[in-house]
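Colleague: only the shape, not the letters, is given here:
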């Protein structure tokens, strides 16, 4: 595995862990809401769960950057999965049923990195089986996220409309109508579904690169629409760009290695 791919995953995991910890401490996570509203646990226990999770997530962020530890990475993957399950079972919008797919890259990033970490925690596995599993985790996670976002866009999800209108007004001083925003979302939805299909069927590295750029743009839209105070919402979505970028880096290295091999 190329060093660039590993660092891409490490930075991605660190970013989403810090953002998730901030949300858990400041506003309360979706898991908190599920424990209190669905499971019926006392509010103090739900809050304590968030506090403990935030502490572990902060430790995971530091670990990802300095000494990746498999157990912490698996906790990050499990926490992101728990958040998507909480949204799915305690829906707050008509699109909540897509959360397990939409958050695919969020648990794919730490899972892929965990597969590549060796026992000492400082090195990374070059074992072909684990490397293939890591690539599959990233591949399926990226495709799942883009499929979910494509469906949300085609359904003209209200939050996406607000992001388009808010970003255009804040940065370009354009007054985008809801009709125009819905037309743009239709195009975006079709694009996302085509990209997911191409990624799964063709494995083209340039498709992965475009998905990384588009993922970065959509993550930044939280700040462009709502201001710098929403930095944590952008950072939470760092895997939208980081996971497909890691795929591109891995496939690009494979192409370079194949091209430089001496011919018999």
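Modeller: That came through, no problem. Since this is a predicted model, take the numbers as computed values, not measurements. Residues are numbered from 1 along each chain as shown.
Colleague: for the lengthiest helix in the chain, packing partners?
Modeller: What stands out as the longest helix in the chain, according to DSSP state H, is helix 128-154. Other helices and strands packing on helix 128-154, by 3 or more CB pairs under 8 Å, 6 or more residues apart in numbering; DSSP states H and E, are helix 99-102, helix 104-116, helix 178-202, helix 205-226, helix 239-260. (Each C-beta comes from the backbone N, C-alpha and C, glycine too.)
Colleague: export these to CSV and tack on distance to residue 233 and mean pLDDT?
Modeller: Formatted as CSV, the helices and strands packed on helix 128-154 follow (distance: least, CB to CB, whole Å; pLDDT from 0 to 100):
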stretch, distance to residue 233, mean pLDDT
helix 99-102, 14, 96
helix 104-116, 13, 96
helix 178-202, 19, 96
helix 205-226, 4, 95
helix 239-260, 11, 80
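Colleague: same list (those helices) but as a markdown table, adding distance to residue 129 and mean neighbour count.
Modeller: Converted to a markdown table, these look like this (distance: least, CB to CB, whole Å; neighbours: other CB atoms under 10 Å):
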| stretch | distance to residue 129 | mean neighbour count |
| --- | --- | --- |
| helix 99-102 | 26 | 20 |
| helix 104-116 | 9 | 27 |
| helix 178-202 | 21 | 16 |
| helix 205-226 | 22 | 19 |
| helix 239-260 | 15 | 20 |
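Colleague: okay, those helices in TSV with distance to residue 28 next?
Modeller: Listed next are the helices and strands packed on helix 128-154 as TSV, based on distance: least, CB to CB, whole Å:
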stretch	distance to residue 28
helix 99-102	17
helix 104-116	18
helix 178-202	29
helix 205-226	18
helix 239-260	22
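Colleague: for the helix or strand following the longest helix of the chain, list every residue counted as buried.
Modeller: Heading C-terminal from helix 128-154, the first helix or strand you meet, by DSSP states H and E, is helix 158-167. Neighbour-count burial for helix 158-167, counted by 16 or more other CB atoms under 10 Å, picks out 160, 161, 163, 164, 165, 166, 167.
Colleague: for stretch 76-93, same thing?
Modeller: Across stretch 76-93, burial judged by 16+ other CB under 10 Å covers 76-77, 79-88, 90.
Colleague: that older thread, tell me the one of the buried residues of helix 158-167 nearest residue 224?
Modeller: residue 167 (4.2 Å; CB to CB).
Colleague: so that closest one touches residue 223, yeah?
Modeller: No - between residue 167 and residue 223 there is no contact under CB atoms under 8 Å: 9.1 Å.
Colleague: next up, the contacts around residue 222.
Modeller: For residue 222, the contacting residues are 163, 230, 233, 234, 237, by CB atoms under 8 Å, 6 or more residues apart in numbering.
Colleague: do that again at 10 Å, thanks
Modeller: Contacts of residue 222 were listed using CB atoms under 10 Å, 6 or more residues apart in numbering, and they are 159, 163, 166, 167, 230, 231, 232, 233, 234, 235, 236, 237.
Colleague: again, but for residue 185
Modeller: 150, 152, 153, 154, 155, 156, 157, 160, 161, 163, 164.
Colleague: chain neighbours aside, what residue packs nearest to the fourth one?
Modeller: Read it as residue 154. Closest residue to residue 154 apart from its sequence neighbours, by CB to CB, 6 or more residues apart in numbering: residue 189 at 3.6 Å.
Colleague: what's the spacing between the one you found and residue 195?
Modeller: Distance, residue 189 to residue 195, by CB to CB, to the nearest Å: 11 Å.
Colleague: overlap in contacts of the two?
Modeller: The contact sets of residue 189 and residue 195 overlap at 149, 150 (CB under 10 Å, 6+ apart).
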